[in-house]
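*Asks:* build the 3D model from these lines:
(one chain, ligands or ions: 2)
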Amino acid sequence: MAQSIGVGGERMDIHEYQAKELFRAVGIPVPAGEVATTPDEAARIAQELGGTVVVKAQVHAGGRGKAGGVKLATHADEAREHASNILGMEIKGLTVGKVLVTAAEEIASEAYVGVLVDRRTQSPVFMVSPEGGIDIEEVAATNPDAILRLHVDPRYGLLRHQAYRLADFLYSDPKLAKQATRIVTLLYRAFTANSCSMAEINPLIVTADGEVKAIDAKVSIDDSGLRGLPALETLRDVGAEPASETKAREADLSFVKLDGDVGCCVNGAGLAMATMDLVKYYGGEPANFLDIGGSSNPDKVVAALEIIASDPNVKAILFNIFGGITRCDDVARGIVEATRTTRIDPPIVIRLTGTNETEAMEILNQAGFSAFTSMDEVVERAVQLAAEA
Ligand code: GDP
Ligand code: MN
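*Replies:* Ligands and ions are numbered 1, 2, ... in the order given. As a prediction, the model looks like this:
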């Protein structure tokens, strides 16, 4: 626990893979990847990702590339070998306990994008440079004109013309500038939503196909901002993992156990965080963060429901599904199957909307469940049921 907390305890550094989760949640393009603690696990992830991967040391320090903590691997065996070299390695006095295995990108150019709280004005300041991949301090020393600084008035947020200006400084090609406009806007959103003192993408790359993507992520969170953000608070716990989290990982679910009594089953990390916020808004406490992911099948829903229901604190279970790639009828089938095969005591309230919503409603109604389409309504109902239990 202590190792993840920054100097002085007023800020918390999180790992690259965790920072990328926050970026992903707001929609910043980030290559697919997963974290591993053993060489075999790294090989398995590389196999699943297919193609060339990058094995990256997860420590709270920059300059991992130079220190030998970032290695490309063209196949799973090579990923295993790199992982076994990198795990246990020391980088700037920190021992590597985890590696991120992520899909490799073909890099056409590297830029820098960062936003941090300016101590003097206590307001956010963006720094961007088309010269990325290297330390921004180095660019500041050798080529200060290659950096654009831009202050944000926190009352108004990052204005659209400011986002354009940052993007235009990075890329003269309008196709790239357009993507960068979106990315800086989303980065500012992630920065404020997670009470960050710093959020940095170095490098922000242009791929061989002309896509702008974040391949590195560095985030510090203001400790005083942690209260009220349960999903973030759990990022501290890098060591011990509850059994339910292990089970969730095996079922390919993104799950974090919390202390409340409203079980949450949601698709998409962003929607999961929004759902937890709404639970708190209505006076409840979420029992967990759970993202069933994009292409959910009924089996995943069964596993999710079993994990949530096995928590003795859970007094009500809330489903919030926005069908896109996730099909609502798959989720409905999973709910019906899970309640047939396992005894689930807490009441279940369901909100489904989107792809195959009508079929889903039919499946649920036939099994005796009622489903909502409004998010507010269903969250309020779940909080109420938990309070009454
Ligand atoms: P840092 O050294 O700790 O900042 O780690 P980074 O994640 O920034 O990686 C360091 C360098 O490794 C990058 O600047 C890239 O040049 C290289 N690198 C990282 N990921 C990839 C990738 O997906 N493809 C390629 N070709 N190079 C990568
Ligand atoms: Mn970097």
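*Asks:* skipping its backbone neighbours, what lies nearest the residue in the stretch 251-389 of the chain that ligand 1 sits nearest to in space?
*Replies:* Residue of the stretch 251-389 of the chain nearest ligand 1, by CB to the nearest ligand atom: A269 (21.0 Å). Bear in mind the C-beta positions are built from the backbone N, C-alpha and C, glycine included. The shortest distance from A269 to any non-neighbouring residue, by CB to CB, 6 or more residues apart in numbering, is to A25 (4.1 Å).
*Asks:* and the residue of this structure nearest ligand 2?
*Replies:* Residue nearest to ligand 2 within the chain: D216 (3.6 Å; CB to the ion).
*Asks:* surely the residue of the stretch 251-389 of the chain closest to ligand 1 touches V26?
*Replies:* No: between A269 and V26 there is no contact under CB atoms under 8 Å: 9.1 Å.
*Asks:* let me know the pLDDT of I5.
*Replies:* You'll see I5 listed with a pLDDT of 31.
*Asks:* quick one: L385 is in a helix?
*Replies:* Yes: counting by DSSP: H, G, I helix; E, B strand; the rest coil, L385 is located in a helix.
*Asks:* before we move on, which element is the residue of the chain closest to ligand 2 in?
*Replies:* Counting by DSSP states H and E, there is no helix or strand that carries D216.
*Asks:* and R333, by the same measure?
*Replies:* Using DSSP H and E, R333 falls in helix 328-341.
*Asks:* helices or strands up against that helix?
*Replies:* In terms of contacts (3 or more CB pairs under 8 Å, 6 or more residues apart in numbering; DSSP states H and E), helix 328-341 is packed against helix 298-309, strand 316-323, strand 348-354, helix 357-366.
*Asks:* so T275: helix, strand or coil?
*Replies:* Using three-state DSSP, the structure places T275 in helix.
*Asks:* for it, what are its contacts?
*Replies:* With contact taken as CB atoms under 8 Å, 6 or more residues apart in numbering, T275 is in contact with 264, 266, 286, 318, 320, 375, 379.
*Asks:* which residues are in contact with the residue lying closest to D118 once chain neighbours are set aside?
*Replies:* The spatially closest residue to D118, leaving aside those adjacent along the chain, is V125, at 4.4 Å (CB to CB, 6+ apart). Applying CB under 8 Å, 6+ apart, we find V125 in contact with 115-118, 149-152.
*Asks:* tell me how many other residues crowd V70.
*Replies:* For V70, the tally of surrounding residues (other CB atoms under 10 Å) stands at 19.
*Asks:* looking at it, it is touching Q58, isn't it?
*Replies:* No: here V70 lies out of contact with Q58, judged by CB under 8 Å, at a distance of 10.8 Å.
*Asks:* count the residues that sit near the residue nearest to K98 when sequence neighbours are not counted.
*Replies:* Of all residues not flanking K98 in the chain, Q58 sits nearest, at 4.1 Å (CB to CB, 6+ apart). Residues within reach of Q58, counting by other CB under 10 Å, total 24.
*Asks:* sorry, back to before: give me the buried subset of the contacts of V125.
*Replies:* Neighbour counting by 16 or more other CB atoms under 10 Å classes 115-117, 150, 152 among the contacts of V125 as buried.
*Asks:* near ligand 1, which residues of the stretch 151-300 of the chain show up?
*Replies:* 202-203, 215-216 (CB under 6 Å from any ligand atom).
*Asks:* rerun that using 5 Å as the cut-off
*Replies:* 203, 215-216 (CB under 5 Å from any ligand atom).
*Asks:* so which of those residues wins on neighbours?
*Replies:* Neighbour counts for these, by other CB under 10 Å, peak at I215, which reaches 27 neighbours.
*Asks:* nearest to D299 among the residues of the stretch 151-300 of the chain next to ligand 1?
*Replies:* Using CB to CB, I215 comes nearest to D299 of these, at 32.2 Å.
*Asks:* residues contacting the closest one?
*Replies:* By CB under 8 Å, 6+ apart, the contact list for I215 reads 30-31, 54, 102, 105, 107, 203-205.
*Asks:* what sits opposite the closest residue to E48 other than its chain neighbours in the beta ladder?
*Replies:* In space, E48 comes closest to E34 once its chain neighbours are excluded; the distance is 8.0 Å by CB to CB, 6+ apart. Following DSSP bridges, E34 is listed with bridge partners V101.
*Asks:* might you report the residue contacts of E34?
*Replies:* For E34, the contact set (CB under 8 Å, 6+ apart) comprises 17, 45, 48, 100-102.
*Asks:* check these and tell me the two furthest apart.
*Replies:* Farthest-apart pair in the contacts of E34 is Y17 and E48; separation 15.5 Å (CB to CB).
*Asks:* which parts of this protein are helices?
*Replies:* Along the chain, counting by DSSP state H, helices occupy 16-26, 39-49, 76-86, 136-142, 160-170, 174-193, 230-233, 243-250, 269-281, 298-309, 328-341, 357-366, 375-388.
*Asks:* what is the fifth one packed up against?
*Replies:* It refers to helix 160-170. By 3+ CB pairs under 8 Å, 6+ apart, helix 160-170 packs against strand 107-118, strand 123-129, strand 148-151, helix 174-193.
*Asks:* would the first one count as contacting ligand 2?
*Replies:* No: in terms of CB under 5 Å from the ion, no part of strand 107-118 sits within range of ligand 2; the closest distance is 8.9 Å.
*Asks:* quick one: strands adjacent to that strand?
*Replies:* strand 123-129 (antiparallel), strand 196-207 (antiparallel).
*Asks:* mean neighbour count, those strands: which tops it?
*Replies:* Mean neighbours per residue, mean count of other CB atoms under 10 Å, is largest over the strands paired with strand 107-118 for strand 196-207, with a mean of 23.
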